[in-house]
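> Here is a sequence together with a model predicted from it:
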Amino acid sequence: MTNFAPRLRLSSGSSICVLLVALSMSACSDATSSGDGDAMSSAATPDTSVDASTEGTDLDGASESDASDVALEEDDAPMGFQGCLLDGGHYAPGEEVPTESEGERCICDDSFELACEPACTRDGATYMPGEDVPTTVAGETCWCTAAFEVQCVGGPDPDAGAEGDAGDEPEDTAGPTEPLVPEPEVTADFSLCSEPGGSFNIYDIQNPACPDHVTPNPTAKPGVSVTFEEVVVTGTFGDTFFVQEKTGGPYSGIACYAGQLNFSALEPGDVVTVWGTYYEFYDLTQLTVEDFEVTEVVPAPEPFPIVHPAHIATGGPLSEMFEGVLVQVTDLTTLDTKPDCPHEFGEFTVTGDLRIDDMAQGVWDPHLGDEFASITGLVQYTFGEFKLEPRTVADFDVIEAGAQTALTKCIEADCIAPEAATVTHQVVVNEVMVNPYGDDTGQEWIELHNPGNTPVDLNGWTVKDCAEQAMGLAGTNLTLGPGDFLVLGAQADPILNGGVPVDIAYPSAFYLANSVGAVLLYDAQGVLVDQTRYSAFDPWTSLVSGHSLARVSPTADGTQPESWETSYGSFGTNNNHGSPGASN
């Protein structure tokens, strides 16, 4: 955080006059009665923040028009106003002040001075790292990075929907767009099919054009008994390993389920003979392994290069051809860290809407804006989606990792509780810090309030959101007295949470989405006691970065925008605003 005032300069040629004062009625009187020269001297406090020597002009040399401009600004201020004046605007303590400087956010602090900190700026608005940045480009996601730059991913095909004359200038849109997906130039080699009536190979099973392809595909046990000879291991995961024909290419690979066998010693490059039964397991072509034998070891197979990730994504032209095959895709960016919102299955999507799965758990922690030169893995089909299964962290060739706070905001449209659901208001969600200045991690908090006349035991109560987040309150010292407040916080240590007086740290992970979200409170019997909704979009106007949402009344409907206001209370060390643990 830097103080803005010492960086201000006043010159006779300046058309912008800045005055940071606490005006009283007498101050206004002094300014108007002392003349042009005294109008400058009557505001003694700002003189300490003006370095006339920098511009080669001292205060005595200021023109009469400059001095009168300052006096007019004082005259324009409301009588008794205490705050900051900037270019004719009046700003109360805690209010964000517009600035022409790029890359910073400024507010009027409690000493009536401008305090500024680095920020992302776009279209006159400011955003802190991890915050969503609005965009008018369809399909585009933008956010403020830890380097205070606006980063965007996604967007439409630049040629999609193009109309008009050939000479029309293309419309300029902000942010990057997805390149056109090239047509694949991959064809299957039918000579790799076995001779009719001969021994099965993997091509016969996978390629519907092979003469011995099984039709119709078996969809249940016992399936078709097969033996694959001299196939090479490409990857191992939990209860499944993958093999493919040594020649490789389209239709060469298959998943082998071997949960009842010990294959922990298998490694890529092992050549094996595999005995088992083939059938389609929920549309996944799979061999249930009865036994296997390692016959030799060769160098691990090289992945087949895929020109564009969309080719092997769900619905892609090559997805079926490369099911079970080791491939490599290039030039990728993480687009969505929670594609199954509100559920969490450990997957994320990259360029071309290709899903990256986690059969090898914990190999990569995705963030929006991750950039990869390439990702290598096995093409797998589960739960109606084609996915890429990296084997180890070495399968990720990383150019740059996205910001730790750059995660897809996961909010379900259909909440677990309707907005019109009956609530008891025995305890209410009284104040919520959704989007603090700086990193949200550790600084978010929720304040509960007992508006009644009797104590309430919160043991066994649960705080939820509209999706699957839930944290249970448990303990012997959870009685909330009449009129009392309880602050639940992501971090109990005031050094780490920005000075929030947290009573109870979140007992489990819980985050407040910055754009649209909810906080629901249930008692020990599962009765909905209160619910809060909030949004960064119209008709909501009270959700402001660095300021808590404060309930106007305990009896107000927490789902409606008119029930909430922006808090300008002061607390803590990070210049956030609110009144945690006290009345709004």
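Perfect, I can see it now. Residues are numbered from 1 along each chain as shown.

> List the buried residues of stretch 359-369.
Residues of stretch 359-369 classed as buried by neighbour count (16 or more other Cβ atoms under 10 Å): 359-360, 363-364, 366-369. Yep, even glycine has a C-beta here, placed from its N, CA and C like the rest.

> er, stretch 449-469 actually
Neighbour-count burial for stretch 449-469 flags 449-450, 452, 456, 458, 461-467, 469 (criterion: 16+ other Cβ under 10 Å).

> Give me the pLDDT for the residue nearest to the spatial centre of the chain.
Geometric centre of the chain, nearest residue: Leu407, 2.4 Å, by Cα atoms, centre = their mean. Leu407 carries a pLDDT score of 81 in this model.

> Outline the domain layout of this structure.
The chain breaks down into these structural domains: 2-118, 128-154, 199-213+222-297, 304-400, 428-566 (assignment by automatic domain parsing).

> how close does the residue nearest to Ala310 when sequence neighbours are not counted get to Thr573?
Spatial nearest neighbour of Ala310, excluding adjacent residues (Cβ to Cβ, 6 or more residues apart in numbering): Gly352 at 3.3 Å. Between Gly352 and Thr573 the distance is 45 Å, computed by Cβ to Cβ, to the nearest Å.

> The two - which one has more neighbours?
More crowded of Gly352 and Thr573, by other Cβ atoms under 10 Å: Gly352, with 21 against 12.

> mind listing what the more buried one touches?
Residues in contact with Gly352 (Cβ atoms under 8 Å, 6 or more residues apart in numbering) are 178, 181, 308-311, 313, 316, 329.

> Next, format those as TSV and append secondary structure, neighbour count and distance to Ala582.
Shown next, in TSV, are those (DSSP: H, G, I helix; E, B strand; the rest coil; neighbours: other Cβ atoms under 10 Å; distance: Cβ to Cβ, whole Å):
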residue	secondary structure	neighbour count	distance to Ala582
Glu178	coil	20	49
Val181	coil	17	56
His308	coil	22	57
Pro309	helix	24	52
Ala310	helix	22	54
His311	helix	22	58
Ala313	coil	25	52
Gly316	coil	22	56
Val329	strand	27	54
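
> Point out the least confident one among these.
Within these, the minimum per-residue pLDDT falls on Glu178 (44).

> From what I see, Ala115 and Glu104 are in contact.
No. Assessed by Cβ atoms under 8 Å, Ala115 is found out of contact with Glu104, at 10.3 Å.

> Between these two, which is the more surrounded one?
Counting neighbours by other Cβ under 10 Å for Ala115 and for Glu104 shows that Ala115 has the greater number, 19 against 16.

> from what I can see, that one looks like it's in a strand, true?
Yes. Using DSSP: H, G, I helix; E, B strand; the rest coil, the assignment for Ala115 is a strand.

> Tell me, what's the model's pLDDT at the closest residue to it other than its chain neighbours?
Nearest-residue entry for Ala115: Asp109, 4.4 Å, with adjacent residues in sequence omitted and distances by Cβ to Cβ, 6+ apart. What the model reports as pLDDT for Asp109 is 81.

> could you list every residue that touches Asp109?
Asp109 neighbours (Cβ under 8 Å, 6+ apart): 93-94, 115, 575.

> Can you pull the phi/psi pair for it?
Dihedral angles phi and psi of Asp109 (degrees, to the nearest 10) take the values phi -90, psi -180.

> What distance do you get for it to Glu290?
Where Glu290 is concerned, Asp109 sits at a distance of 74 Å (Cβ to Cβ).

> Give me the three-state assignment for the residue nearest to Ala310.
helix.

> Quick check: it vs Asp331, distance?
Gly352 is 10 Å from Asp331, where distance means Cβ to Cβ.

> Ok, Pro184 next?
Look at Pro184 and Asp331: by Cβ to Cβ, they are 16 Å apart.
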